[in-house]
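Visitor: turn this into a structure:
(2 chains)
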Amino acid sequence: MTRQMTGAKMVVQALKDQGVDTVFGYPGGAVLPIYDEIFQQNDIRHVLVRHEQAALHAAEGYARSTGKPGVALVTSGPGATNAVTGLTDALLDSIPLVVFSGQVPTFMIGTDGFQEADTIGITRPCTKHNWLVKDTDKLAETIHQAFHVATSGRPGPVLIDLPKDVQFADGEYTPPTKVKMGHYKPRVKASIEEINDIVALIEKAERPVFYTGGGVINSGPAASMLLRELVDATGFPITSTLMGLGAYPASGKGWLGMLGMHGLYEANMAMHGCDLMINIGARFDDRITGRIQDFSPNSKKIHVDIDPSSINKIIHVDLPVIGDVGHVLEDVLKVWKSRGRKKADISAWWKQIEEWREVRCLTYKNSDTVIKPQYALQRLEELTKGMDRYITTEVGQHQMWAAQFLGFEDPNRWMTSGGLGTMGYGFPASIGVQMAHPESLVVNVAGEASWLMNMQEMGTAIQYRLPVKQFILNNERLGMVRQWQQLLHGERYSSSWSEALPDFVKLAEAFGAKGIQCSDPKDLDDAIMEMINYDGPVIFDCLVEKHENCFPMIPSGKPHNEMLLGEAYVEGAIKSDGAVLV
Amino acid sequence: MSALRIQQGSSSHSAYDLRDYHAEVIEKHTLAVLVDNEAGVLARVIGLFSGRGYNIESLTVAEVDHEGHRSRITVVTTGTRDVIEQIKAQVGRIVPVHEVHDLTVEGPSIERELALFKVEGTGNNRIEALRLAEIFRANVVDSTLESFVFEMTGTSEKIDAFAELMRPLGLVETARTGVAALARGSKA
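Guide: Residues are numbered from 1 along each chain as shown, chains lettered A, B, ... in the order given. Next comes the predicted model:
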């Protein structure tokens, strides 16, 4: 079955054998042989980005919206160093990526050659694993192993560094079926004792809450279905991290909304007051927990995670269960049903939650003259919610508002940089999503500052006719930085305004795209519809209130029950006519 | 635990809660890590220690199975019980790591370190150094009219004790291998 071919040809062959249809990349001297092979075939589409960081984020968007690994190809030296942010982003959000980087020829490694960097050394801490391939005979095997490592267990980015002479040399191609995967086999099934223990806790709980995360999404659509079944069958309330939105539908009966620093009041209060916390595929991130000692002080905690290092890292749990979310949920459902679907009366708990809901924590003071960012997102939600829609975001206030005000009914529809918080993520991610779903509506909810960080990708959007909608909430501020400075740094607004902004409409036109500007709340609906109906990329410059703060907010070092609620709430504006209640 | 001491309540201007909640007892543990002997594997393990702020008290590494290309890394580390558990879990998920054993908790184990000491001196100091070396079962592996090089194996504590005694007698240079350790008994 083995065949002789060049290393460069092997890369393309291995990608085909792995079922890859799209590669995001940027050529350069050290990857020219691979680009030559890409040129001579039609099975794999190559998307030329305008910056390597964008190639990685686009691959992330592709991966998160399809569940398949994203693939990127960059050259040596600066190509590889530009990829570092994307690798780290994917590592923190557990996104499967396979990245190929060119390298100087093996005989030049260590000589400070042109465009040489110690790519393996630089990317070692920001990949799940990486390989320098020095022998063409081992190349195919390494690529197949790389796909295995990236996609199994807790997914993550991997990198293969390819010296140019290895790409030119001939070697034997090993097909995926012949490759030994080695010892790397993460545990996916929990023991029956652990499943029984989970069920026993579920049966007794009087104030339970599901706390779910990106692990449910990563486990695949089946895991989301099982989660829905379990939540609805038990009637337990459920909250989710930023990463896990869409695993349980926002319209579902048990849904409390997102939790965490800018999470909903009812979700955080339920976390604080519960007697059983069932953590499914979340990792007690510091944006979630607030003050550690006061985190959910009276609950038994179950933690289901595929990564043993997530267990007891931040929060001590009573029942750690190492396994794949899908497998564990399936077993828990089976055992819970077979034991007679027992559960305690939780109506008092729901009554309490309803009281918390009455606080209406997302209330804000609307305006007839200025577009409030929350209002813009409510209108976007209202006008697009029935559509085949994918949302990406940049990082900052707009990201939190999007998480609060947009509803996600399905997994893989929401792409945001959660762990690393990478400004500049959303635009290239929207390109990756649109490549994977050419007929769908893809909207990047952005802030103007984040968006400028990868604005060069307008070229990519135009070249590949990707009708990505850039919905920019333009407050001419680094909004989240400004908010922190206002609340915590004595209103000293150090470098947190966006001066010398471009005219976004002209910018769009300069690239051959459509630009829309909107500043009047009365025009907003029409403008959004114009954006949606335009067949091509749009930059939507939505001029919003400049000094709006994002609430609720758990200030750092505070527990969940010491949330700051919005100005509107504090000022008693809930009752006023202009307030838009959510 | 760390040199950085942050006062209570100083986290109010930070995105992080900077107070140290787990300031418990610091324990010393000896970990045996079995890895594929491939390029960069040591860097992966020690890079994890430095990247996540864990301590390394000593480190030894060598290929122990030439046919299977398997190396054994012995790390002596310190931390609270939580930190030690985290270290084991973090090291365990490195792809070329096969096994992580905490010899400190997995039952009785033996630890040995090899050290070389160069002691310079004449007259009584020289005689005293040689006499102490005999008591500690150190061997003379090099000698001139003004110096000895002693070779000694033992626990780290024994080597520390010998070094203390040699210091006033003319100790000029020390080389230590770090700890190698195995569990007692017949089981691998």
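Visitor: so what does the helix or strand encompassing residue B:99 touch, helix or strand wise?
Guide: Element membership for residue B:99, per DSSP states H and E: strand B:97-102. On a contact count with 3 or more Cβ pairs under 8 Å, 6 or more residues apart in numbering or on different chains; DSSP states H and E, strand B:97-102 meets strand B:27-36, helix B:81-92. The C-beta positions use only the backbone N, C-alpha and C, and glycine is treated the same way.
Visitor: TSV for the ones you listed, including mean neighbour count, distance to residue A:139 and mean pLDDT?
Guide: Converted to TSV, the helices and strands packed on strand B:97-102 look like this (neighbours: other Cβ atoms under 10 Å in any protein chain shown; distance: least, Cβ to Cβ, whole Å; pLDDT from 0 to 100):
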stretch	mean neighbour count	distance to residue A:139	mean pLDDT
strand B:27-36	19	18	97
helix B:81-92	19	28	96
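Visitor: next, format those as a markdown table and append distance to residue A:536.
Guide: Formatted as a markdown table, these follow (distance: least, Cβ to Cβ, whole Å):
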| stretch | distance to residue A:536 |
| --- | --- |
| strand B:27-36 | 51 |
| helix B:81-92 | 47 |
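Visitor: give me the most central residue, chain B.
Guide: By Cα atoms, centre = their mean, chain B has its centre lying nearest to residue B:58, at 2.2 Å.
Visitor: thought that one was touching residue B:113?
Guide: Yes: at 7.5 Å, residue B:58 counts as touching residue B:113 under the criterion of Cβ atoms under 8 Å.
Visitor: between the two, what contacts are shared?
Guide: Common neighbours of residue B:58 and residue B:113 (criterion: Cβ atoms under 8 Å, 6 or more residues apart in numbering or on different chains): B:156, B:176, B:178-179.
Visitor: now for whichever helix or strand comes after the strand holding residue B:99, which elements pack on it?
Guide: The element immediately downstream of strand B:97-102 (helix or strand, assigned by DSSP H and E) is strand B:109-120. Using 3+ Cβ pairs under 8 Å, 6+ apart, the elements in contact with strand B:109-120 are strand B:147-154, helix B:156-166, strand B:171-183.
Visitor: relative to residue A:169, which of those is closest?
Guide: Judged by Cβ to Cβ, the one of the helices and strands packed on strand B:109-120 that comes nearest to residue A:169 is strand B:171-183, at 40.1 Å.
Visitor: for the residue nearest to the centre of chain B, which residues make a bridge with it?
Guide: Residue B:58 forms beta bridges with residue B:76, as assigned by DSSP bridges.
Visitor: from residue A:308, how far off is the residue in chain B that chain A sits nearest to?
Guide: In chain B, the residue found nearest to chain A is residue B:89; the distance is 3.7 Å by Cβ to the nearest Cβ. Separation of residue B:89 from residue A:308 (Cβ to Cβ, to the nearest Å) stands at 5 Å.
Visitor: what about the chain, any weak spots by pLDDT?
Guide: No chain specified, so I'll use chain A. Counting by pLDDT under 70, chain A has low-confidence residues at A:1-2, A:567-582.
Visitor: other chain: chain B
Guide: Along chain B, the parts satisfying pLDDT under 70 run over B:1-23.
Visitor: show me the contacts for residue A:66.
Guide: Contacts of residue A:66 (Cβ under 8 Å, 6+ apart): A:412, A:436.
Visitor: next up, phi/psi of it, please.
Guide: Dihedral angles of residue A:66 (phi, psi; degrees, to the nearest 10) stand at phi -120, psi -20.
Visitor: how about the residues of chain A by chain B?
Guide: A:120-121, A:124-125, A:128-129, A:132, A:149, A:153-154, A:182-184, A:286, A:290-293, A:307-309, A:311-313, A:484, A:488-489, A:555-557 (Cβ under 8 Å from any Cβ of the partner chain).
Visitor: correct me, but residue A:552 touches residue A:561?
Guide: No: using Cβ under 8 Å, residue A:552 makes no contact with residue A:561, being 11.4 Å away.
Visitor: mutual contacts of these two, please.
Guide: In contact with both residue A:552 and residue A:561: residue A:268, using Cβ under 8 Å, 6+ apart.
Visitor: how does the chain divide up, domain by domain?
Guide: All of this is about chain A. Chain A breaks down into these domains under automatic domain parsing: A:3-178, A:192-357, A:373-550.
Visitor: ah, I was thinking of chain B
Guide: Taken from automatic domain parsing, chain B resolves into B:24-102, B:109-183.
Visitor: just checking, the residue of chain B closest to chain A touches residue A:311?
Guide: Yes: the pair residue B:89 and residue A:311 qualifies as a contact (Cβ under 8 Å) at a distance of 7.0 Å.
Visitor: what about the strands in the stretch 451-582 of chain A?
Guide: A:469-474, A:514-518, A:538-543 (DSSP state E, counting those that start in this stretch).
Visitor: where does the closest residue in space to residue A:138 that isn't next to it in sequence fall, secondary structure wise?
Guide: Using Cβ to Cβ, 6 or more residues apart in numbering or on different chains and skipping residues adjacent in sequence, the residue nearest residue A:138 is residue A:171, 7.8 Å away. Secondary structure from DSSP H and E places residue A:171 in strand A:170-173.
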